[in-house]
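1. from the sequence below, what's the structure:
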Amino acid sequence: MNQVLERAPVVLTDLRPTAADITGEVLAGLAATPKTLPSKYFYDARGSALFEQITQQPEYYLTRVETRLLDARMADIAAEVGAQAHVVEYGSGSGLKTERLLRGLQDPVAYTPIEISRATLLAMAGRLALRFPRVQMLPVCADFTQPVALPAPDRRAHGVVVFFPGSTLGNFDEDEAIALLSAMRETMGADGRALIGIDLDKDSDVIEAAYNDVAGVTAAFTLNLLVRLNREIGSDFDVGAFRHHAVYVRERGRIETSLVSQRAQDVHVAGRVFHFAAGEAMLVEYSHKYTDTGFAALAAAAGLQVVTGWNDERDWLGLRLLEPVPPHDPTPRRR
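-> Purely as a prediction, here's the structure:
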């Protein structure tokens, strides 16, 4: 007789930003020079769906390369992480890479995706609950850039591993990335690990093509941010009066994505007026591309050290396993 495993329930912790939170960040960004908008609000339901379409575009190498790298190195990753881990993922999206990780690890105890899009989060957690009935699903709807207390799994975990694929870390400037890695160190605890995907520095034509796909999906994804803000905080961005622009700035080692005003115009947010000149660029996203030296220094500034790492065959993208630097011992134990 086949044993039927009882599926653990999905237990949601909902800490979504409020409209007031979003409005405050938008006002601060529009008052800056140059104007900015927070990229973390790309991911409403439509934005999340558009991003999944981006990953299917021929120019967008990141998802394909990282997925192959996970498959090729999963046995090594599982050996490093160990058995009965509590897997925590920042910005989980559709969870397709997560399936590979949960399948490859030794008896993972629980999975806590932290995702800002509630609809995407619940759909993904429900799907994974069916595929991994022994893994307790403990999703948290929250902004992962802020400290988040982890829900406790019913089964005792032998450690926390934070999974942060997709080179999302590159979307933060240096100070923000250090703050995020520091918060990650607190989340994983002294005996935890973090498995982070990083996009590596390479030919600028390859990089720029990934953020300017011919089909225009990335442009639609970027402009959807304005649609969301109009809907959720009552702004009046004229979406048709902005265009997507992404360029690789080698001296800063990053893609800079902007929405460029196509004409002189005023935008109203929460009773305030913001003037845009024709051709004025509003920065909406960074995407840093790392060297090994630069990434190791970034991790060290957050109290973390690189344990080991894996690259694809062309050195386009890497996975790095991090652990906290032991107190009073800044010397890495392994490389």
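
2. who does the helix ranked longest in the chain touch, helix- and strand-wise?
-> Ordering each helix of the chain by length in residues (DSSP state H) puts helix 61-81 first. Applying 3 or more C-beta pairs under 8 Å, 6 or more residues apart in numbering; DSSP states H and E, we find helix 61-81 packed against helix 96-104, strand 193-199, helix 204-210, strand 304-311, strand 317-324. The C-beta positions use only the backbone N, C-alpha and C, and glycine is treated the same way.

3. buried stuff in that helix?
-> Under the neighbour-count criterion of 16 or more other C-beta atoms under 10 Å, helix 61-81 has 61-63, 65-66, 69-70, 73, 77-78, 81 buried.

4. kindly report the same for stretch 39-55.
-> Neighbour-count burial for stretch 39-55 [16+ other C-beta under 10 Å]: 39-44, 46-52, 54-55.

5. kindly export it (C-alpha atoms) in PDB.
-> Provided in PDB are the C-alpha atoms of stretch 39-55 (Å, rounded to 0.1, in the frame of the first residue of the first chain):
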ATOM      1  CA  SER A  39      12.300  49.400  -8.200                       C
ATOM      2  CA  LYS A  40      10.800  47.000  -5.500                       C
ATOM      3  CA  TYR A  41       7.400  48.200  -6.500                       C
ATOM      4  CA  PHE A  42       7.700  46.700 -10.000                       C
ATOM      5  CA  TYR A  43       6.300  43.500  -8.700                       C
ATOM      6  CA  ASP A  44       2.500  43.700  -8.500                       C
ATOM      7  CA  ALA A  45       0.600  40.800 -10.100                       C
ATOM      8  CA  ARG A  46       1.100  42.200 -13.600                       C
ATOM      9  CA  GLY A  47       4.700  43.100 -13.000                       C
ATOM     10  CA  SER A  48       5.500  39.700 -11.700                       C
ATOM     11  CA  ALA A  49       3.800  38.100 -14.800                       C
ATOM     12  CA  LEU A  50       5.800  40.400 -17.100                       C
ATOM     13  CA  PHE A  51       9.000  39.500 -15.400                       C
ATOM     14  CA  GLU A  52       8.300  35.900 -16.000                       C
ATOM     15  CA  GLN A  53       7.900  36.800 -19.700                       C
ATOM     16  CA  ILE A  54      11.300  38.700 -19.600                       C
ATOM     17  CA  THR A  55      13.000  35.500 -18.400                       C
END
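
6. what's that stretch in contact with?
-> Applying C-beta atoms under 8 Å, 6 or more residues apart in numbering, the contact partners of stretch 39-55 are 22, 25, 60, 62-64, 91, 93-94, 115-117, 119-120, 143, 145, 171, 213, 217-218, 220-222, 224-225, 227-229, 232, 257, 284-286.

7. what sits against the spatially most central residue of the chain?
-> With distances taken as C-alpha atoms, centre = their mean, Thr168 lies nearest the centre of the chain, 3.7 Å away. For Thr168, the contacting residues are 90-91, 197, by C-beta under 8 Å, 6+ apart.

8. what would those look like in TSV with distance to Arg272?
-> Listed next are the contacts of Thr168 as TSV, based on distance: C-beta to C-beta, whole Å:
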residue	distance to Arg272
Tyr90	32
Gly91	30
Gly197	38
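
9. what is the nearest of those to Phe164?
-> Tyr90 (4.8 Å; C-beta to C-beta).

10. using the three-state scheme, assign the closest residue to that closest one other than its chain neighbours.
-> Counting by C-beta to C-beta, 6 or more residues apart in numbering, Tyr90 lies nearest to Phe144, which is 4.3 Å off, once chain neighbours are set aside. Three-state call for Phe144 (DSSP: H, G, I helix; E, B strand; the rest coil): coil.

11. do Arg155 as well
-> Reduced to three states with three-state DSSP, the structure at Arg155 is coil.

12. gap between it and Leu130?
-> Relative to Leu130, Arg155 is positioned 19 Å away (C-beta to C-beta, to the nearest Å).
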